[in-house]
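[1] Sharing a model prediction with you, sequence too.
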Amino acid sequence: MSSAASTARSSQSTSRKDPAWEFALPLTGNETKNQVGCLYCKNYFKGGITRLKRHLAGVRGQSVYCTQVPDDVKEKVKAMLDAHGEKKSAKLDSQLRLRQQVNINGNDDEEMEEVGEVEVQEAPSAAGSTLVRKKPRNKGPLDSYCMRPEEPRAKGKHIQTTMSKHCKVKEREKLMSILQIGFMRQQFLITQFFLESFDLMLEAIGQFGA
């Protein structure tokens with residue numbers, strides 16, 4: 001048996017728990033990777049058991065549908081595909097709800113931080129220089145990812161801005177807390193990267209930015 005055939009056989013054997021395998025031709029070891037044969041029309045298809053199920057269910061546009069499959073088998077396979085679609089949709093909805101729970105930006109009004117004060121110094125005059133203090137500028141959700149453009153220098157005026165050294169302290173603390181929980185649960189095993197904590201880690205990193 002060639003190494004390619006052995007690999008294909010091993011790959012297919014790991015997914016033989018799918019009930020649709022009862023409608024596939026027995027594996028001989030001569031199949032290429034992800035190649036499965038139809039029990040009714042005897043044709044082989046690439047794409048694994050999922051492609052075979054679409055073939056048997058008559059899903060147009062996905063594969064050539066089988067003309068010899070019994071009606072009861074066709075309906076059974078259709079039910080398998082529908083159940084899989086509902087399960088996948090439920091999983092996506094669950095992931096979306098988890099991502100919506102992550103908020104490291106502190107968008108609430110009470111969590112908004114002061115960035116600094118803007119001082120405007122007028123040009124020297126006979127009466128001397130005067131300082132005009134404006135109200136502190138609050139930090140919004142996008143300020144964490146953007147640098148404020150330089151203020152234009154008006155004639156006879158010098159404008160200087162000061163940035164808080166703690167702009168992203170709260171965001172960083174929240175991010176590190178989520179990462180700590182995630183890595184503790186993942187235990188650095190790649191097979192565990194589908195846990196909910198991994199989704200939360202990715203969402204938190206994306207919100208924090210570079």
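    The structure has been received and is ready for your questions.

[2] Mind telling me what element the residue lying closest to residue 68 once chain neighbours are set aside is part of?
    Counting by Cβ to Cβ, 6 or more residues apart in numbering, residue 40 is the residue found nearest to residue 68 once chain neighbours are left out, at 4.3 Å. Every C-beta, even on glycine, is put in place using the N, C-alpha and C of the backbone. If you go by DSSP states H and E, residue 40 is not part of any helix or strand.

[3] what sits against residue 40?
    For residue 40, the contact set (Cβ atoms under 8 Å, 6 or more residues apart in numbering) comprises 23, 56, 66, 68-70, 73.

[4] How is this protein divided into domains?
    Under the assignment automatic domain parsing, the domains of the chain span 3-100, 109-161, 169-208.

[5] Can you get me a residue count around residue 174?
    Using other Cβ atoms under 10 Å, residue 174 is surrounded by 18 other residues.

[6] pull the longest helix from this structure.
    Counting residues, the longest helix found in the chain (DSSP state H) is helix 71-101.

[7] So which elements touch that one?
    Contact here means 3 or more Cβ pairs under 8 Å, 6 or more residues apart in numbering; DSSP states H and E; on that basis helix 71-101 packs against helix 48-57, helix 196-208.

[8] looking at the ones you listed, which one has the lowest mean pLDDT?
    Per-stretch mean pLDDT for the helices and strands packed on helix 71-101 is lowest at helix 196-208 (a mean of 67).

[9] What residues sit buried inside stretch 52-63?
    By neighbour count on 16 or more other Cβ atoms under 10 Å, the buried set for stretch 52-63 is 52-58, 63.

[10] To clarify, my last question referred to stretch 44-51.
    45, 48-51.

[11] Give me the contacts around that stretch.
    For stretch 44-51, contacts defined as Cβ under 8 Å, 6+ apart pick out 12, 15, 18, 20-21, 24-25, 31-38, 52, 55, 62-63.
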